[in-house]
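>>> Just a sequence and a predicted model for now, questions to come.
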Amino acid sequence: MSPQSRPGGRPGPASAAAGGAHLAAQWGLPLGVLLGALAAARLPGAGGALAAGAAALLAAFTVHRLRLRIRAASQERGSLSEQLVQSQKLAVLGELSSGIAHEINTPLAVIGQEAELLRADLETLEHGPAREALGRRLDSIEAQVRRCGDITHGMLQLVRKAAPVLQPVVLAQLCEDMALLAEREARRREVRIVRRYAPGLPETLTDPPQLKQVVLNLLVNAVQAVRPGGRVELAVGPGAPGWSEIQVRDDGPGIPEENLSRIFNPFFTTKPPGQGTGLGLSVCLGIVDRLGGTLGAANAPGGGAVFTVRLPEGANPPEPGPALAR
Amino acid sequence: MSEPIRVLVVDDDQSFRTNMTELLNRQEGISAACAESGDAALEVLAREAYDVVLLDMLMPGLSAHGTVREMRRRGLGAAVIVVTGHASVDDAVEMINLGAYDYLLKPCTIKEIVQKVTWAQEWRRLQPPQ
């Protein structure tokens, strides 16, 4: 899984890192040769040649290490930049959604009311095929109103900016509560939820109801992504110092590469029409962002998708290191 | 037979207001009327006693916040249920902090409304007399 960093950092241009790597490549070896030449000049004879060789090797090794670090920094900046763009998109779409939800909800409610009034009128008609047919059409109108309502209510969650109420939380317990809830759906689909809770994890200062929403959403998504007989793994463990991690991994088909950059976009869904609003992961990302953490998605090396929530243990967390290796 | 629950529907959208009033009046044990604004609601409440007020969040004139504040200042004890199509759920939560009983997001079914109205009336009965 690719390492990710806390949102809110200020990523520099990725080209700067690439430029750094280029400079290292351009100047590293000549520097080694120069150092070697200086050593040879000061130490004539076999000793000087040996020192020159050692200096060149040392310089080459240093350059190699430098290039690796610059490449890692470049990836890190790329990841930060993606998260920043994602957060900005969510903010703009959130404001837009707020206006749309407001304008749509009342007329939607009126359509629902008209359908309910018609249904009441229908009850006064005699039984027969015409009444049955009208009843089915009203069922359809009411179902579509509910569907639109689910979407607008999801949009409201997108813009909800309630400040988190932080409390010390045992993450394993919170995750276990959600695993028990998700197990209802899992059993119905013959999917097994496997737990891996690291012992002795310190309490995390977070907002339990909001975090529960995230964990439950990830679990239900994972359960729905695997075939009958499949497996979902829920892991809680330490991350970088001062950070904790929750991972939800499934053995489903994984996320197509072309969708990886889009799955947190509002309204993006791969579910059939009417079976998902495409807002769940956007809402989760918004919540985790407000909790000061990160939410990342990737394909696991052995197949399936893996979602990682990284949370600071306290109110003032240190910068996170690479994601928990498994 | 017990007295019907008296409900006042306050909403600036005429279709929503009249439909809701009609739907409530078709329910057994509920008697509903309507008002088109917070100011109009306060006038109605000054003349007649209501058990439950279904209050729209965003209306021209007196806001929902102002209406609830004024109701409380005048000692009007009707339970307020905020019915909002507005994006700000946080506003609805703030309304609860001001003394509203509950809130519902539009679109909602008459079944959901009736359930909340019934619960609100139960809650009122449990309150000590003012």
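Structure received. Numbers count the residues shown, from 1 in each chain, chains lettered A, B, ... in the order given.

>>> could you point out where chain B is predicted with low confidence?
Within chain B, the stretches with pLDDT under 70 are B:1, B:86-90, B:92-93, B:129-130.

>>> Could I get the full set of strands for it?
Here chain B has its strands, by DSSP state E, at B:5-10, B:30-35, B:52-56, B:79-84, B:102-105.

>>> where's residue A:142, which helix or strand?
helix A:129-159 (DSSP states H and E).

>>> so that helix versus strand B:79-84, what angle?
Comparing the axes of helix A:129-159 and strand B:79-84 via axes from the mean of the first three to the mean of the last three Cα atoms, to 10 degrees yields an angle of 90 degrees.

>>> ok so, going back, mind checking which of the strands of chain B is nearest residue A:291?
Taking Cβ to Cβ, strand B:102-105 is the member of these nearest to residue A:291, at 24.1 Å. Bear in mind the C-beta positions are built from the backbone N, C-alpha and C, glycine included.

>>> by contact count, what packs against the closest one?
Counting contacts by 3 or more Cβ pairs under 8 Å, 6 or more residues apart in numbering or on different chains; DSSP states H and E, strand B:102-105 packs against helix A:129-159, strand B:79-84, helix B:89-98, helix B:110-126.

>>> any idea which of the strands of chain B is most buried?
Greatest average neighbour count among the strands of chain B goes to strand B:52-56 (a mean of 27), per mean count of other Cβ atoms under 10 Å in any protein chain shown.

>>> Might you name the residue of chain A sitting closest to chain B?
Of all residues in chain A, residue A:105 sits closest to chain B, at 3.1 Å by Cβ to the nearest Cβ.

>>> how about that residue, what does it touch?
A:149, A:152, B:84-86, B:105-107 (Cβ atoms under 8 Å, 6 or more residues apart in numbering or on different chains).

>>> Roughly how far does whichever residue of chain B sits closest to chain A sit from residue A:109?
Going by Cβ to the nearest Cβ, chain A is nearest to residue B:85 of chain B, at 3.1 Å. Separation of residue B:85 from residue A:109 (Cβ to Cβ, to the nearest Å): 7 Å.

>>> likewise residue B:38?
Taken as Cβ to Cβ, the span from residue B:38 to residue A:109 is 19 Å.

>>> what residues are shared contacts of residue B:85 and residue A:109?
By Cβ under 8 Å, 6+ apart, the residues touching both residue B:85 and residue A:109 are B:106-107.

>>> sorry, back to before: over to the residue of chain A closest to chain B: give its phi and psi.
Main-chain torsions, residue A:105, degrees, to the nearest 10: phi -60, psi -40.

>>> Any idea how many residues pack against residue B:19?
For residue B:19, the neighbour count with other Cβ atoms under 10 Å in any protein chain shown is 23.

>>> Tell me which residues touch it, please.
Applying Cβ under 8 Å, 6+ apart, the residues contacting residue B:19 are A:110, A:113-114, A:117.

>>> What about chain B: which of these touch it?
Filtering those for proximity to chain B (criterion: Cβ under 8 Å from any Cβ of the partner chain) leaves A:110, A:113-114, A:117.

>>> And those residues, which is closest to residue A:263?
The nearest one, if we look at the ones next to chain B among the contacts of residue B:19 relative to residue A:263 and count by Cβ to Cβ, is residue A:110, at 34.6 Å.

>>> What strand or helix carries the closest one?
Using DSSP H and E, residue A:110 falls in helix A:46-122.

>>> With residue A:214 instead?
Residue A:214 belongs to helix A:208-225, assigned by DSSP H and E.

>>> how deep is the closest residue to residue A:131 other than its chain neighbours tucked in, by neighbour count?
Of all residues not flanking residue A:131 in the chain, residue A:125 sits nearest, at 5.0 Å (Cβ to Cβ, 6 or more residues apart in numbering or on different chains). Neighbour count of residue A:125, defined by other Cβ under 10 Å: 11.

>>> and residue A:125, which of the three is it?
Three-state call for residue A:125 (DSSP: H, G, I helix; E, B strand; the rest coil): coil.

>>> Does it touch residue A:133 like I think?
No: Residue A:125 lies out of contact with residue A:133 (Cβ atoms under 8 Å); the separation is 11.4 Å.

>>> Hmm, residue B:83 is touching residue B:101, no?
No: here residue B:83 does not reach residue B:101: they are 11.8 Å apart, not a contact under Cβ under 8 Å.

>>> re the thing from before, show me just the buried residues among the contacts of residue A:105.
Applying 16 or more other Cβ atoms under 10 Å in any protein chain shown to these, the neighbour count classes A:149, A:152, B:84-86, B:105-107 as buried.

>>> and those, which two are the farthest apart?
A:149 and B:86 (14.3 Å).
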